[in-house]
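Student: Fold the following and give me the result.
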Amino acid sequence: MSVESFNPDTQTVSVTDQAARHFVGQLASSEANGVRLSVKESGCTGYMYVMDLVASPEQDDLVLDVTEGLKLFLDKKSLPVLQGTEIDYTTEGLNSTVKFRNPNAKDYCGCGESFNIN
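Tutor: Numbering: from 1, shown residues only. Below is the predicted model:
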């Protein structure tokens, strides 16, 4: 897949209401103005998600206004891997975590830290 095949007008990353509330709460207690999402090569299967609270987007980031108080900055180089991903925030027992539902991910490592798109 190439960057040229990604159309940000029709294929974006989505954020559930639960995840949006979580991120808005995180931003309220920080100096950041948004959440930046990218992927990097890592782990035993290929890629891992990188999420950071940041003051502003990087120059080539795609900026999504998710809800009032929440902007999502998407790394342009990561767009082909991220397209169609849904970001959720779930609670299971005492544990709460951000989950990524990425239709491009084909394999996951056993610990859940990395994924592959091949």
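Student: Report the secondary structure element holding the residue most central in space within the chain.
Tutor: Centroid-nearest residue in the chain, with C-alpha atoms, centre = their mean: L37, separated by 4.3 Å. Assigned by DSSP states H and E, L37 falls within strand 34-42.
Student: same thing with L27?
Tutor: Using DSSP H and E, L27 falls in helix 17-28.
Student: Compute the inter-axis angle for that helix and strand 34-42.
Tutor: Put simply, helix 17-28 runs at 110 degrees to strand 34-42, going by axes from the mean of the first three to the mean of the last three C-alpha atoms, to 10 degrees.
Student: which strands and helices sit next to helix 17-28?
Tutor: strand 34-42, strand 62-67, strand 70-74, strand 86-92, strand 95-101 (3 or more C-beta pairs under 8 Å, 6 or more residues apart in numbering; DSSP states H and E). Backbone N, C-alpha and C define where each C-beta goes, glycine included.
Student: Those into CSV, with extra columns for mean pLDDT and distance to S114?
Tutor: Output for the helices and strands packed on helix 17-28, formatted as CSV (pLDDT from 0 to 100; distance: least, C-beta to C-beta, whole Å):
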stretch, mean pLDDT, distance to S114
strand 34-42, 91, 6
strand 62-67, 92, 23
strand 70-74, 95, 19
strand 86-92, 94, 17
strand 95-101, 91, 11
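Student: Which one of those lies nearest to H22?
Tutor: Set against H22 and scored by C-beta to C-beta, these come closest in strand 86-92, at 4.2 Å.
Student: partners of that closest one, with directions?
Tutor: strand 14-15 (parallel), strand 95-101 (antiparallel) (DSSP bridges).
Student: Which one of the ones you listed lies nearest to G25?
Tutor: Of all those, strand 95-101 comes closest under C-beta to C-beta, at 11.4 Å.
Student: so which of the strands paired with strand 86-92 is the most packed in?
Tutor: strand 14-15 (a mean of 20; mean count of other C-beta atoms under 10 Å).
Student: I'd like the average pLDDT over it.
Tutor: The average of the pLDDT scores along strand 14-15 is 94.
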